[in-house]
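Visitor: have a look at this prediction, sequence included:
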Amino acid sequence: RFGWIKNELTQAGNLVQVYNNGVPLQVRAYNSPISSRSNLNGDIGLFVQDSWKMGRLTLNPGLRFERFRAEVAEQAAPAGRFVGPRAFERIPNLPNFKNFVPRVGAAYDLFGNGRTGLKASVARYMQQDATSFPQTYNPMASTTANLSWNDLNRDNVAQGEMGCVYLTPGCEINFAQLPTTFGARRNRNPDPDLLRPYQLVYNVGLTHELKPGMGFSVNYYRREFHNMTFTTNRANPVGNFSPYVVPDPRGGGDTVTVYNANLNTFRLIEELDTTSENNRTTYNGFDVLFNARFGNGGVINGGTNTGRTISVMCDVTDPNYSSAGAAGLRYCDQSAFGMPWQTNFKVSGVYPLPYGFRASAVFQSTPGDMIQDTYVLSAANFRAQTGVALAQASVAMRLNQPGQDYLPRVNQ
């Protein structure tokens, strides 16, 4: 397959105004206008597979060859409020991955009567993509920056232009917090030795026919994520952040550690994506499934899945919490917090009625979503609590640990 994607962005005023309880807090500046294009030059998979039967044992080996190649096209965009005009040349081979992917499955007829089978498989699955990889490193990318805003004239409009002096008449935006290379060129690049992420999936199970039309199965699954990509800002690495202890806003005498960036390097951006040697995610789960077909055409099937996912993501770009996918250092190792096992249940059935009608029903029960309690610490509050100026406009903190709080179960 092949194709392309083109993104265009214009933003009224080139910013979004952000408030804290109705009080102006900061502006989210955009480097619009944007006009970018990335091309998928080729995504191909070639495979061979076979089935070997040896007595009660059947083996199903397979091997795939995958090649993925893309590029960034030549592009240009005019100047905006926070950025000047931009023009970039074509960037080929972004990426040019070539991978061999083995997969093997086995089935064993336990008693030789075709009613009880032991099954196992091991398979590698490469991370699939289309145009998101070249878009990640496209120098013409949408970028935002949070800048402090003080509405001096109380007209509810963030005023100021590049070069103005903060808190002087007509300059309500702190342009000193704007990265020096903001929006001019996205300074993010892949490591020349960057590896393609992949998953290893293991399965062991037993399937048994109780009687014709009725059976059950029990399976264990394990999914491992490998070659996870890690982004570091080499101009402002994690080691440049200084830890500060502030009171937990929920009270109770607890404290939370937040990290203040280095004022001399905070505005510098030189991002490098490399393969992390430490970050990993693992899923383990058990399935119990049943199914039955009755002589009158009725069918019922269902089962449970019990599993848990544990992530260790301590190679971080920013030690502070940014989002669920960038949780910072405080709770980066979920293996230390006793992540709970979660169970899903589902059952469905169909029953024939007179005159060709059928009645059907489905019931499912799923765990509620994990709750993430977060708090935004403003630069003013940080200074009041520590006596130190915060380099960032604000810092987000996650307050509750992973796996601690969940919404109620969802029964449908």
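Guide: Nice, thanks for sending it over.
Visitor: can you count the residues close to the spatially closest residue to residue 214 that is not a sequence neighbour?
Guide: Leaving aside its chain neighbours, residue 214 sits nearest to residue 292 (4.3 Å; criterion: Cβ to Cβ, 6 or more residues apart in numbering). Yep, even glycine has a C-beta here, placed from its N, CA and C like the rest. By other Cβ atoms under 10 Å, the residues close to residue 292 number 16.
Visitor: tell me the contacts of residue 292?
Guide: In this structure, residue 292 makes contact with 213, 214, 215, 299, 300, 301, judged by Cβ atoms under 8 Å, 6 or more residues apart in numbering.
Visitor: what of residue 106?
Guide: Taking Cβ under 8 Å, 6+ apart, we find residue 106 in contact with 57, 58, 59, 60, 119, 120, 121.
Visitor: and it, bridged to which residues?
Guide: residue 59, residue 120 (DSSP bridges).
Visitor: ok, residue 222 next?
Guide: Beta-bridge pairing of residue 222 under DSSP bridges involves residue 202, residue 284.
Visitor: kindly provide the distance from it to residue 106.
Guide: 16 Å (Cβ to Cβ, to the nearest Å).
Visitor: with residue 78 instead?
Guide: Taking Cβ to Cβ, one finds residue 78 at 61 Å from residue 106.
Visitor: and the helices in this structure, which stretches?
Guide: 132-136, 379-386 (DSSP state H).
Visitor: most packed of those helices?
Guide: Ranked by mean neighbour count, the helices of the chain are led by helix 132-136 with a mean of 20 (mean count of other Cβ atoms under 10 Å).
Visitor: relative to the whole chain's centre, how far out is that one?
Guide: 15 Å (Cα atoms, centre = their mean, to the nearest Å).
Visitor: what mean pLDDT does that helix have?
Guide: The pLDDT scores in helix 132-136 average 91.
Visitor: same for it, what does it pack against?
Guide: strand 34-49, strand 57-72 (3 or more Cβ pairs under 8 Å, 6 or more residues apart in numbering; DSSP states H and E).
Visitor: now tabulate those strands in TSV and tack on distance to residue 202, mean pLDDT and mean neighbour count.
Guide: Formatted as TSV, these follow (distance: least, Cβ to Cβ, whole Å; pLDDT from 0 to 100; neighbours: other Cβ atoms under 10 Å):
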stretch	distance to residue 202	mean pLDDT	mean neighbour count
strand 34-49	19	95	16
strand 57-72	15	97	17
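Visitor: where's the closest residue to residue 311 other than its chain neighbours relative to residue 199, distance?
Guide: In space, and not counting its chain neighbours, residue 311 is closest to residue 281: 4.4 Å by Cβ to Cβ, 6+ apart. Distance, residue 281 to residue 199, by Cβ to Cβ: 9 Å.
Visitor: which neighbours do those two share?
Guide: 224, 225.
Visitor: show me what contacts residue 257?
Guide: Contacts of residue 257 by Cβ under 8 Å, 6+ apart are 243, 244, 245, 246, 330.
Visitor: go again using 10 Å as the cut-off
Guide: Residue 257 sits next to 243, 244, 245, 246, 319, 320, 328, 329, 330, 397 when contact means Cβ atoms under 10 Å, 6 or more residues apart in numbering.
Visitor: the spatially closest residue to residue 116 that is not a sequence neighbour: how many residues sit nearby?
Guide: Nearest residue to residue 116, sequence neighbours excluded (Cβ to Cβ, 6+ apart): residue 110, at 4.3 Å. Using other Cβ under 10 Å, the number of residues around residue 110 comes to 14.
Visitor: distance of residue 110 from residue 208?
Guide: For residue 110, the distance to residue 208 - Cβ to Cβ - is 9 Å.
Visitor: list residues touching both of these two?
Guide: 116, 117, 118.
Visitor: what subset of those residues is buried?
Guide: 117, 118 (16 or more other Cβ atoms under 10 Å).
Visitor: so which of the shared contacts of residue 110 and residue 208 are in strands?
Guide: Among the shared contacts of residue 110 and residue 208, DSSP state E puts 116, 117, 118 in strands.
Visitor: now, which of these sits nearest residue 271?
Guide: Ranked by distance to residue 271 (Cβ to Cβ), these are led by residue 118 at 48.2 Å.
Visitor: strands of the stretch 101-250 of the chain, start to end?
Guide: Ranges of strands in the stretch 101-250 of the chain, per DSSP state E, counting those that start in this stretch, are 116-126, 144-148, 188-190, 198-211, 214-226, 229-233, 242-247.
Visitor: buried deepest among those strands, which one?
Guide: The highest mean neighbour count among those, using mean count of other Cβ under 10 Å, belongs to strand 144-148: a mean of 20.
Visitor: tell me the angle of it relative to helix 379-386?
Guide: 60 degrees (axes from the mean of the first three to the mean of the last three Cα atoms, to 10 degrees).
Visitor: need the residues that contact strand 144-148.
Guide: 11, 15-16, 18, 24-32, 82, 158, 160, 166-167, 172-179, 182-183, 267, 378-380, 390, 392-394.
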